[in-house]
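1. sequence and computational prediction follow.
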Amino acid sequence: MIVSDALLWILPPLLIALAVGAAGHALLTKLDSSAAFGWIALCIILPLAGPILYLLFGLNRVSKRARKTYLTKLLKDSSDTLNEPPGTDFRPLSMVGERIIKKGLSSCDEIVILENGEALYPAMLEAINTATRRILLSTYIFDNDETGRQFVQALAAARERGVEVKVIVDGMGEFTSLPRIGGLLRRHQIDFVRFNPITLIPPALDLNMRSHRKVLVVDGVFAFTGGANIGIRHLSERLGHWNRAMDIHFRMRGRIVDELEWAFRRDWHYCQGTRHLGPFQHCNRIHIDAPAWSRLILDGPNKDLDRINDLILGVVSAAQHKVWIMTPYFLPTLDLIGALHAAYLRGVDVQILLPGYNNIKPAHWACRNFLRQVLKYDVNVFYQPPPFVHSKLLLIDDQYALIGSSNLDPRSLRLNYELGVELFSSDLNAQLSGYFSARREQARRVTREEIERRSVPERLRDSLAWLFSPYL
């Protein structure tokens with residue numbers, strides 16, 4: 001009786017203190033007023049459940065933990081980039097990335113577009129088979145299938161002839177194919193690490209902070225990057241494969257290769273637990289007469305948070321003629337929707353090319369909910385026919401392209417480690433515009449009327465998926 005009486009006196013002020021504390025934390029830390037108001041209201045209405053839910057889901061532990069753990073410092077021997085290469089006119093688009101990462105442009109001596117695994121994998125395997133010094137491979141998914149095992153054999157053969165071989169596979173992405181590829185890599189004595197591995201002992205079950213980057217650097221001469229993983233799924237002409245996908249990847253030469261190798265080695269030393277290292281040595285020179293210029297943008301939930309999101313907002317806002325977007329997952333921020341609307345209103349040709357068939361159904365449903373706002377004005381949105389199109393591409397005006405691993409969704413832009421490469425070249429822009437146009441010719445336009453005609457069950461489904469869009 002005494003205990004119950006004591007609880008009656010203690011619990012109310014304790015619950016009030018918890019509710020006020022959680023509400024105050026939301027008020028001081030949330031950048032979105034609607035999110036802050038929602039959490040404050042929840043804590044007031046449910047003084048016990050509200051603070052508990054806020055503790056579980058409201059606190060941003062991802063960026064704090066990433067900033068604490070990702071402390072690897074790999075200094076470059078120089079940063080001799082050029083803000084305005086002679087004979088070029090990339091302003092104001094080139095200023096956006098320059099101000100975000102405080103660096104200018106690096107020369108890119110060659111860019112080869114590789115569509116789908118049919119073109120990509122032979123080019124990657126040829127580079128691996130002819131390597132003489134080092135092979136650095138990082139990928140999100142490395143399937144243990146016919147294609148994956150072909151890569152393992154090529155990497156093992158390179159190691160046996162004395163080539164330095166290092167492989168990074170994301171600890172979550174590796175689980176998409178069982179048995180995991182890591183065991184096979186280790187049986188072939190290939191130097192291999194998992195990025196943020198998933199383990200039971202010690203417990204490390206976090207589904208966030210994944211490395212979605214795709215990089216292959218060979219001998220410091222060639223670098224491959226883009227959206228494709230390693231596996232049969234990217235062989236788009238295999239009609240019988242249920243999960244086949246189309247994608248676009250790139251092979252590059254020039255100073256950008258050093259930038260991508262530096263990014264790989266930073267991730268490698270992070271996975272190894274080593275932090276302070278000697279300077280990274282460049283092996284490519286900047287060529288003033290390069291056919292293209294480039295800049296690497298690293299993004300992640302550490303100190304690099306929001307770089308790609310800010311970059312996209314900046315270049316879309318600076319566009320004068322066209323904004324063409326191709327992405328597999330389109331869950332844009334309100335800022336980006338506003339930037340696209342503003343571009344349309346000032347006469348810019350805005351086109352968004354999405355997959356009509358998506359391998360992640362909830363992402364497709366949530367996207368349809370977002371399209372209500374995107375189609376408020378006559379922005380051109382198209383659905384591409386199957387198979388699933390995994391390509392990621394942003395084209396601005398006549399000289400700018402952004403390629404890399406990042407999707408236009410909260411997981412890519414807020415939770416994953418991603419990379420983007422800005423490419424400034426009228427010739428490349430024309431080639432990629434041709435690729436975009438060819439895909440658009442096969443697509444059908446999505447109208448506002450189509451989205452509005454959805455049945456009530458469809459709207460409920462799409463709205464529920466939209467609620468979980470930050471985690472899709």
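-> Great, that's in hand. Predicted, not measured: the structure shown is a model, and the values here were computed from it. Residues are numbered from 1 along each chain as shown.

2. what's the helix or strand for Val96?
-> Per DSSP states H and E: Val96 is located in helix 93-101.

3. whoops, Trp293 was the one
-> strand 292-299.

4. can you show me the CA trace of the helix or strand just after that strand as CSV?
-> Remark: after strand 292-299, the chain's next helix or strand is helix 307-318, criterion DSSP H and E. Provided in CSV are the C-alpha atoms of helix 307-318 (Å, rounded to 0.1, in the frame of the first residue of the first chain):
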residue,chain,number,x,y,z
ARG,A,307,26.8,16.8,-50.0
ILE,A,308,25.1,15.1,-53.0
ASN,A,309,21.7,16.4,-52.0
ASP,A,310,23.1,20.0,-51.8
LEU,A,311,24.9,19.5,-55.1
ILE,A,312,21.7,18.3,-56.9
LEU,A,313,19.7,21.2,-55.5
GLY,A,314,22.4,23.7,-56.6
VAL,A,315,22.8,22.5,-60.2
VAL,A,316,19.1,22.1,-60.7
SER,A,317,18.6,25.7,-59.5
ALA,A,318,21.3,26.9,-61.9
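
5. give me the contact list for helix 307-318.
-> Helix 307-318 is contacted from outside by 92-93, 96-97, 100-101, 297-299, 323, 333, 335-336, 339-340, 342-343, 394, 396, 400, 402, 404, 406, 408, 412-414, 418, 420, 422, using CB atoms under 8 Å, 6 or more residues apart in numbering. All C-beta spots, glycine's among them, are computed from the backbone N, C-alpha and C.

6. which one's the longest strand in the chain?
-> strand 106-115 (DSSP state E).

7. now it: buried residues?
-> The neighbour-count check on strand 106-115 (16 or more other CB atoms under 10 Å) flags Ser106, Ser107, Cys108, Asp109, Ile111, Ile113, Leu114 as buried.

8. among the contacts of helix 307-318, name the ones in helices.
-> Among these, DSSP state H puts Leu93, Val96, Gly97, Ile100, Ile101, Asp335, Leu336, Ala339, Leu340, Ala342, Ala343 in helices.

9. can you list the residues you listed in JSON lines and add pLDDT, neighbour count and distance to Leu46?
-> Shown next, in JSON lines, are the ones in helices among the contacts of helix 307-318 (pLDDT from 0 to 100; neighbours: other CB atoms under 10 Å; distance: CB to CB, whole Å):
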{"residue": "Leu93", "pLDDT": "95", "neighbour count": "20", "distance to Leu46": "48"}
{"residue": "Val96", "pLDDT": "95", "neighbour count": "22", "distance to Leu46": "43"}
{"residue": "Gly97", "pLDDT": "95", "neighbour count": "27", "distance to Leu46": "45"}
{"residue": "Ile100", "pLDDT": "95", "neighbour count": "18", "distance to Leu46": "40"}
{"residue": "Ile101", "pLDDT": "92", "neighbour count": "15", "distance to Leu46": "43"}
{"residue": "Asp335", "pLDDT": "92", "neighbour count": "14", "distance to Leu46": "31"}
{"residue": "Leu336", "pLDDT": "94", "neighbour count": "20", "distance to Leu46": "33"}
{"residue": "Ala339", "pLDDT": "95", "neighbour count": "22", "distance to Leu46": "37"}
{"residue": "Leu340", "pLDDT": "96", "neighbour count": "24", "distance to Leu46": "37"}
{"residue": "Ala342", "pLDDT": "95", "neighbour count": "15", "distance to Leu46": "39"}
{"residue": "Ala343", "pLDDT": "96", "neighbour count": "23", "distance to Leu46": "42"}
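
10. output those residues as a markdown table; include the columns distance to Glu449.
-> Output for the ones in helices among the contacts of helix 307-318, formatted as a markdown table (distance: CB to CB, whole Å):
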| residue | distance to Glu449 |
| --- | --- |
| Leu93 | 35 |
| Val96 | 35 |
| Gly97 | 38 |
| Ile100 | 39 |
| Ile101 | 42 |
| Asp335 | 27 |
| Leu336 | 23 |
| Ala339 | 25 |
| Leu340 | 20 |
| Ala342 | 24 |
| Ala343 | 23 |
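
11. out of these, who's nearest Arg266?
-> Ile101 (13.9 Å; CB to CB).

12. wait, that closest one touches Glu259, no?
-> No: applying CB atoms under 8 Å, one finds Ile101 not in contact with Glu259, separated by 10.7 Å.

13. please enumerate the strands of the stretch 201-350 of the chain.
-> With DSSP state E, counting those that start in this stretch as the criterion, the stretch 201-350 of the chain has strands at 215-218, 222-226, 245-246, 248-254, 292-299, 322-326, 349-355.

14. and the third one, average pLDDT?
-> When the per-residue pLDDT values of strand 245-246 are averaged, the result is 94.

15. re the thing from before, identify, from the ones in helices among the contacts of helix 307-318, the entry nearest to Leu353.
-> For the ones in helices among the contacts of helix 307-318, the nearest to Leu353 is Leu340 (13.4 Å; CB to CB).

16. setting aside sequence neighbours, what's the nearest residue to that closest one?
-> Val350 (5.5 Å; CB to CB, 6 or more residues apart in numbering).

17. the one you found: how many residues sit nearby?
-> Residue neighbour count, defined by other CB atoms under 10 Å, stands at 23 for Val350.

18. how near is it to Val323?
-> 5 Å (CB to CB, to the nearest Å).

19. pull up the overlap in contacts between these two.
-> By CB under 8 Å, 6+ apart, the residues touching both Val350 and Val323 are Leu340, Ala343.

20. so Phe192 sits in a strand?
-> Yes: under DSSP: H, G, I helix; E, B strand; the rest coil, Phe192 falls within a strand.
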